[in-house]
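Participant: here is the input, now give the coordinates:
(chains A and B)
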Amino acid sequence: MQAGSAKSSQTLSTESANIVELKNISKSFPGVIANRDISLRVARATIHAIVGENGAGKSTLMKILYGLHQPDSGTISVNGSVTQFKSPSEAIAAGVGMVHQHFMLADNLTVLENIILGSEPTKLGVLSLGDARKHVKEIATSIGVEIDLDLPISELGVGQRQRVEILKVLFRGAEILVLDEPTAVLVPQEVDELFTNLRKLVANGTTILFISHKLDEVLAISDAITVIRQGSTVATVSPKSVDRLKLAELMVGSDLPSHGERATKVGEKVQLSARNLTVIGKDRKSPVQSVSFNVAEGEIVGIAGVDGNGQFELCEALLGLVASQGTIEISGTDVSKLSIRERLNKGLAYIPFDRHREGLMLAASLWENGLLGHEGSLSRGPMIDVDSAKKSCREIIERFGVMTPSELVPAFVLSGGNQQKLVVGRNLAKAPKVLIAAHPTRGIDVGAQAAVWDEIRRSRDAGMSVLLVSADLEEILGLSDRILVMFDGKISAELEPKKATPQILGKYMTGAQ
Amino acid sequence: MTQTKNFKLFVLISAALAIVSTVRLWTNQDALTSSDTIGTALRLTVPILLAGMAGLWAERCGVLNIGIEGMMIFGTWFGAWGAWQFGPWVGLLFAILGGMFGGLVHAVATVRFNIDQVISGVVINLFAYFGVRYLSELVYVGKPGGGISQSPPQKWALPKFNLPILSGGEVAGWKSPDFLGWLESQRWFVLGDLGGISRGLTHSISWATVIAVIVVPVSAWVLWRTRFGLRLRSSGESPVAAESLGVKVNRLRYYGLLISGGLAGLAGGTLSIVASSYYRQGQTAGRGFIGLATMIFGNWRPSGVLTGAMLFGYAEGIKLVASDSITALFLLIASMSGVFLLYAIISRKRSQLLVTLCAFVLSAIAYRTIDTVPESLTQSLPYVVTLIVLATANQRLRPPAMAGVPFRPGEPH
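Facilitator: Sure, this is the predicted structure:
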């Protein structure tokens, strides 16, 4: 920490239009340089977007601004005075609030408890719950949010959780709001609502720092855009002066790989088929109701839908994680009575929804993660063949372009995009017949996304069948040969990607049709 | 809403009382609800209750505390030493300090140095066991009545109190009437049991018991109604979220473990100062672990821990006071599980049905066939009862989400 306090005199003017100024910020973690000499100026009462690939250092930079990390060098000025936030509470006191990408909520605590935590109204240390409730209700009403303050967070949906996060920050009287990938978890309609709220906030004088890699959204909402690549700032541009392609180029540093029409044809043979698949839920409501579909050799069938309409249960049923009624066939053999392991041996592979929860052992090394599901082929008798496992992991790393110092580091060291590449690579390495890919590119950057898409296309051209579940319409439209829309546990529509537009899809996804 | 809840509780307690009373009259085993049994049960409840609360405080702040047994051992030894030297009140204070020492060791190991929480707890148990033996050799050996495995007897005991007029005893030389005792001796249906139970809870009660019972509402109030409590719970539920809001998670975990250790120490102190008048090796007899079981039974809530501890204390109390009432206890268990069985049938809860059916059949067979219970079975009875109740109690457990997960502030998450 060698923050140059000598420079503070220059920025002490109170009329400074820039409410936040970061100068020459550098930060490294063991083995990774997250930020290198980053500078950033944010004008008061604007929405300033920070875009960059995952692992580019956006989140780290914002965590530094919020006091979660301390910079190795560089200065932070807020409201014209140079400051050093040693902890988030100091940042909060200075009016900086942050909504994290992964929600920072305690599941078993109530909405109210989560909102007031850390700045509780008290009398002699005793919580003034009545006052708190009133205050939170006021704020919620002012931005048009309705929420039961006594529910535990675990009973809320994603959109509601994000509202709790925003209320939390507003409750602290933040005038600078940092939003880390706020739209990653939202459906289009919810995104619009969020943007309306944000514009209202800016009109009231709040400054918003908006981290994203969804370029259309960034172009739509922000007043200024700063692009970060590999830990350094590349440029700060106005959304009026750039278009999507230009922005993507700045982010990736080279031309985007083109999406392109497929050169190969969909095969004849059906490789995955489900007939009247039904999953009985816990409270006698069926999350999946009598769903039938086929996926042919070399075909990608996209399942579009708002999260929570049965896609998750459908994938788990196909894999055998939950019990289901109806038949599932892989290459013509009925597998509905088989165990998960037996289904995998029939050539099934699964890219799970949540790479942290189901895809990886975060604290284990990459080669151990790469080994999962392949223990059979990478062992000698009861012993793991460590050398072959490491070698196979190195192959995955090389083939799928996972950016890592080596296969020996633990998985949590990698950025989200690189973690996902490892998960995808592990599943594609053995050339499965059928791939179930659930949100294969959720929360990863454009470069990694293109790489994952390319790999899925390549395997498809080699004859692999893919069931693609995604909330990202661009992904669904770009990859699928056929689109099924899931709503409320049923397939509500089958569409051709060429004829489908986001508007049409949106209608079916929300049950408006 | 609370009114219907209170009403439900009232019905439940009345039904339980009626069953107990019927079983008592049927089998002629007055010991089931005698004030002797209840009084003993209360004394046996206290250390388990405190151990359970120690576990609750630790897990609520996010750290597993397997070392409660060891902290209790510190409590018994230091408590006995303090009581032997300076009297029982100072003894209890030393017991708390001894336990807090154990809590501090656990905190430094797990919070500061990120040692595995289970390993640290086990090490504290072993360290306490052999550590106090070493201390005994230094301090107690050669003293009258003392030795390597026990301390010299204490000269004073803690004062006890009775509820005047209702439960006998003496107030400033005046011999108070014993209304509840009279009621108990009438053996009336339900009323006699009420008399016995209330007299057991109010006759000749040690002040240490009062302190222990007060710990329950005070803990609940602190944890759910104060800023400190909310922040402490948030450290156990989601330390990352708490840290992001400026809560000093590690500091709170230190506090939580100090409180946990203090309560465990007090639990030990009640064993060596209240329940007996000297320290003896092995005095804790696994109560720290039973305390952890009651914490799970109680769903990490103070009132639940109290219920679990009372249940265990009651089973052990019967065992001590009237081991020939054990067969009556089988009938009691059979009747209770019979009621639960009916409830399970009516509400069609299949998982509950199976367990209650097993409990019902087993205890009914035991009652019909066993006349004299072997000593070894009597010894294990409290554990069996706890097991049965744990298995039949149908509840959704809500442990603190991040209890047992190490937390390192300021790392990339």
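
Participant: right, and A:D223 touches A:R44 too?
Facilitator: No - here A:D223 does not reach A:R44: they are 10.8 Å apart, not a contact under Cβ atoms under 8 Å. For the C-beta atoms, the positions are set from N, CA and C on the backbone; glycine is no exception.

Participant: the residue of the stretch 151-300 of chain B found nearest chain A in helix, strand or coil?
Facilitator: Residue of the stretch 151-300 of chain B nearest chain A, by Cβ to the nearest Cβ: B:G246 (2.6 Å). For B:G246, the assignment made with DSSP: H, G, I helix; E, B strand; the rest coil gives coil.

Participant: once you drop chain neighbours, what's closest to it?
Facilitator: Computed as Cβ to Cβ, 6 or more residues apart in numbering or on different chains, the closest residue to B:G246 that is not its neighbour in sequence is A:S89, at 2.6 Å.

Participant: after the helix or strand harbouring that neighbour, heading C-terminal, what element do we hit next?
Facilitator: Assigned by DSSP states H and E, A:S89 falls within helix A:88-93. Using DSSP H and E, the next helix or strand after helix A:88-93 towards the C-terminus is strand A:96-99.

Participant: follow-up on the earlier one: quick check: the residue of the stretch 151-300 of chain B closest to chain A touching A:K86?
Facilitator: No - with contacts counted by Cβ under 8 Å, B:G246 stays clear of A:K86, the gap being 10.4 Å.

Participant: contacting residues for whatever residue of the stretch 101-250 of chain A ends up closest to chain B?
Facilitator: Using Cβ to the nearest Cβ, the closest approach of the stretch 101-250 of chain A to chain B is made by A:G118 at 3.0 Å. Each residue near A:G118 by Cβ atoms under 8 Å, 6 or more residues apart in numbering or on different chains is listed here: A:89, A:92, A:172, B:231, B:242, B:245-247.

Participant: okay, it: pLDDT?
Facilitator: At A:G118, the predicted lDDT confidence score is 85.

Participant: any idea how far B:L17 is from it?
Facilitator: As defined by Cβ to Cβ, to the nearest Å, A:G118 lies at a distance of 46 Å from B:L17.

Participant: coming back round to it: the residue of the stretch 101-250 of chain A closest to chain B: what secondary structure?
Facilitator: Going by three-state DSSP: A:G118 is coil.

Participant: number of nearby residues for the nearest residue to it once chain neighbours are set aside?
Facilitator: Closest residue in space to A:G118, ignoring its immediate chain neighbours: B:L245 at 3.0 Å, by Cβ to Cβ, 6+ apart. If you count neighbours by other Cβ atoms under 10 Å in any protein chain shown, B:L245 ends up with 24.

Participant: phi, psi of B:L245?
Facilitator: With angles defined as degrees, to the nearest 10, B:L245 sits at phi -100, psi 10.

Participant: so what's it up against?
Facilitator: By Cβ under 8 Å, 6+ apart, the neighbours of B:L245 are A:88-89, A:92, A:104, A:117-119, A:168, B:234.

Participant: quick one: it and A:F171, what's the gap?
Facilitator: 10 Å.

Participant: any shared contact partners between those two?
Facilitator: With Cβ under 8 Å, 6+ apart, B:L245 and A:F171 have common neighbours A:S119.

Participant: sorry, back to before: show me which of B:G246 and A:K86 is the more surrounded one.
Facilitator: More neighbours surround B:G246 than the other of B:G246 and A:K86, with 19 against 11 (other Cβ under 10 Å).

Participant: distance check, the more buried one against A:R163.
Facilitator: 21 Å.

Participant: which pLDDT value does the model give A:R399?
Facilitator: Note for A:R399: predicted pLDDT of 87.

Participant: what about the stretch 51-200 of chain B, any weak spots by pLDDT?
Facilitator: Where the stretch 51-200 of chain B drops to pLDDT under 70, the residues are B:169-173.

Participant: go again using 50 as the cut-off
Facilitator: Residues of the stretch 51-200 of chain B meeting the criterion pLDDT under 50: none.

Participant: so what's A:L360 up against?
Facilitator: For A:L360, the contacting residues are A:369, A:411, A:419, A:422-423, by Cβ under 8 Å, 6+ apart.
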